[in-house]
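Enquirer: sequence and predicted structure are below.
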Amino acid sequence: MEMEYAHSLTTFTLLIAALGVLSLSVPLLLFNNHNSPAHPPLVVFLICSGIANGLPAFIEFYPTLELYGLAIWLPCYLLMPASLWLYTKAITSPTPWYLRQQTRWHLLPAGLALLASVLLATLPKETLEQIFNSDAAPPAGWPQLVVIVAFALMVLWLFLSGVYVVRILITLIRYRASLKNLFANNEKRELHWLSWAVAVLAGTWVLSMFFSIPLLSNQSLPLPIDLMAVMHFVLLWSLSLFGLHQKPGFEGRYLVPTESHPETNGNNSISEKYQKSGLQEQQLERIAEKVEHAMGGQQLYLDSALSLQKLALEIQVSPNYLSQTLNETLDKSFYDYVNGWRIQHAIPEVLQAQKTVLDIAMDVGFNARSSFYKAFKSETGHTPSEYRKRNTSNTH
């Protein structure tokens, strides 16, 4: 009895904590001054996730909800993958994002699920008890058709969840590659937290599936409900916290929609675009010489806001040609190329040890100390302090 009470108390506490997170984060996401177009899809995801994942706890305290569990779950679960996908597209878009006509079909499965939920909820209570009672004979006629459609939608959710998770992760990988091909400073824009959140979310969806099927068939639960409540709370808290602070990755430096930017379309598109560019090897080498001369002579890398487009404008070549030169002739992304110059400029100052690491980082064009450390170790194989100690000891 004491164990059951502790179990219920823990679950109820986590449920209340999750609802508290939602009650704070959802209004902030909707009504803050930033007004990001990425916020509405995230709000939809958080609300659906809160309802769907909090339902088992509510059922534990209000057993009568069990008969309507499937009707509540269906639209929430079918809407979550699509809303998270739209959030990812909005926050990684290289141009200002809005919900376009061609993207609205992602909401179609949720619409079908909502229709099925209404049909389920309007079935007589006796019929619902018959459906979810494993010892009773299955219903016939219209109720049986409704149940078949509902469970078919659950299978569809499982398939769509896998598809969306893969697409989101691929989109994030390509997005980070695009940032490195276009900009030299990407602090707080790489969205690594979202990749981890999506991976954890995929795990919770799998657990939810194994948790929900026995629950709907009136069998014992295979997982402690406390485990699901903990995972749900951590996920909601993480998405709310990072979602409130995360701005779209291209905000403040959106690309012009009419220009051709092959870096935003994935590696295959880059290769195809380069094959059609018509640049000969000698032309690429000449562009490479112009880039090296501009960077070395004018020290353009010291500009913390330097981008591929700004550098292309400076040396008077197409951004696409410059990108092709960096990737094929110099064998580096724009990010690695510029930061390589910055680190080489910083090395003498690091050895002199007359300035702080942060001051050196700012002097050579970085916007954050952490980015400087990461680039320095990538270029030299050591942290600044290790490099100074190693080279100082070699001179004595």
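Expert: Cool, got the structure.

Enquirer: helices or strands up against the helix or strand containing residue 91?
Expert: Element membership of residue 91, judged by DSSP states H and E, is helix 69-92. In terms of contacts (3 or more CB pairs under 8 Å, 6 or more residues apart in numbering; DSSP states H and E), helix 69-92 is packed against helix 39-61, helix 108-121, helix 142-182, helix 192-216. In short, each C-beta sits where N, CA and C put it, glycine included.

Enquirer: compute the inter-axis angle for that helix and helix 39-61.
Expert: 150 degrees (axes from the mean of the first three to the mean of the last three CA atoms, to 10 degrees).

Enquirer: ok, back up a step: using JSON lines, lay out the helices and strands packed on helix 69-92 together with mean neighbour count, distance to residue 325 and mean pLDDT.
Expert: Conversion of those to JSON lines gives the following (neighbours: other CB atoms under 10 Å; distance: least, CB to CB, whole Å; pLDDT from 0 to 100):
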{"stretch": "helix 39-61", "mean neighbour count": "21", "distance to residue 325": "38", "mean pLDDT": "83"}
{"stretch": "helix 108-121", "mean neighbour count": "18", "distance to residue 325": "44", "mean pLDDT": "90"}
{"stretch": "helix 142-182", "mean neighbour count": "17", "distance to residue 325": "12", "mean pLDDT": "89"}
{"stretch": "helix 192-216", "mean neighbour count": "17", "distance to residue 325": "29", "mean pLDDT": "75"}
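
Enquirer: closest one to residue 392 among the ones you listed?
Expert: Smallest distance to residue 392 across the helices and strands packed on helix 69-92 (CB to CB): 32.5 Å, for helix 142-182.

Enquirer: which strands and helices lie in contact with the closest one?
Expert: By 3+ CB pairs under 8 Å, 6+ apart, helix 142-182 packs against helix 69-92, helix 108-121, helix 125-131, helix 192-216, helix 267-277, helix 308-315, helix 334-352.

Enquirer: let me have these in CSV, adding distance to residue 254 as columns.
Expert: Formatted as CSV, those follow (distance: least, CB to CB, whole Å):
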stretch, distance to residue 254
helix 69-92, 12
helix 108-121, 29
helix 125-131, 51
helix 192-216, 19
helix 267-277, 19
helix 308-315, 11
helix 334-352, 17
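
Enquirer: stretch 360-370 spans what distance, first to last residue?
Expert: One end of stretch 360-370 to the other measures 12 Å (CA to CA, to the nearest Å).

Enquirer: between the helices and strands packed on helix 69-92, which gets nearest to residue 314?
Expert: helix 142-182 (15.1 Å).

Enquirer: quick one, the closest one and helix 69-92 angle?
Expert: 20 degrees.

Enquirer: now helix 142-182 against helix 308-315, angle please.
Expert: 30 degrees.

Enquirer: so which helix or strand of this protein has the lowest pLDDT on average?
Expert: helix 267-277 (a mean of 47; mean pLDDT, DSSP states H and E).

Enquirer: low-confidence regions, the stretch 201-350 of the chain specifically.
Expert: 208-225, 257-279 (pLDDT under 70).

Enquirer: list the contacts of residue 28.
Expert: Residue 28 makes contact with residue 244, according to CB atoms under 8 Å, 6 or more residues apart in numbering.

Enquirer: check the gap between it and residue 86 for me.
Expert: 19 Å (CB to CB, to the nearest Å).

Enquirer: against residue 250, how distant is the residue nearest the centre of the chain?
Expert: Geometric centre of the chain, nearest residue: residue 194, 3.4 Å, by CA atoms, centre = their mean. As judged by CB to CB, residue 194 and residue 250 stand 15 Å apart.

Enquirer: nearest spatial neighbour of residue 53, skipping sequence neighbours?
Expert: Excluding the flanking residues, the one nearest residue 53 by CB to CB, 6 or more residues apart in numbering is residue 232, at 4.0 Å.

Enquirer: quick check: which element contains that neighbour?
Expert: Judged by DSSP H and E, residue 232 forms part of helix 225-245.

Enquirer: how about that helix as PDB, C-alpha atoms only?
Expert: Provided in PDB are the C-alpha atoms of helix 225-245 (Å, rounded to 0.1, in the frame of the first residue of the first chain):
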ATOM      1  CA  ILE A 225       4.700   4.800 -15.100                       C
ATOM      2  CA  ASP A 226       7.200   6.900 -13.100                       C
ATOM      3  CA  LEU A 227       9.800   6.300 -15.800                       C
ATOM      4  CA  MET A 228       7.600   7.700 -18.500                       C
ATOM      5  CA  ALA A 229       6.700  10.600 -16.300                       C
ATOM      6  CA  VAL A 230      10.400  11.400 -15.700                       C
ATOM      7  CA  MET A 231      11.300  11.200 -19.300                       C
ATOM      8  CA  HIS A 232       8.300  13.300 -20.300                       C
ATOM      9  CA  PHE A 233       9.200  16.000 -17.800                       C
ATOM     10  CA  VAL A 234      12.900  16.200 -18.800                       C
ATOM     11  CA  LEU A 235      11.900  16.400 -22.500                       C
ATOM     12  CA  LEU A 236       9.300  19.100 -22.000                       C
ATOM     13  CA  TRP A 237      11.700  21.100 -19.800                       C
ATOM     14  CA  SER A 238      14.500  20.900 -22.300                       C
ATOM     15  CA  LEU A 239      12.400  21.800 -25.300                       C
ATOM     16  CA  SER A 240      10.800  24.700 -23.500                       C
ATOM     17  CA  LEU A 241      14.100  26.100 -22.100                       C
ATOM     18  CA  PHE A 242      16.100  25.900 -25.400                       C
ATOM     19  CA  GLY A 243      13.000  26.800 -27.500                       C
ATOM     20  CA  LEU A 244      12.600  30.000 -25.600                       C
ATOM     21  CA  HIS A 245      16.200  31.100 -26.200                       C
END
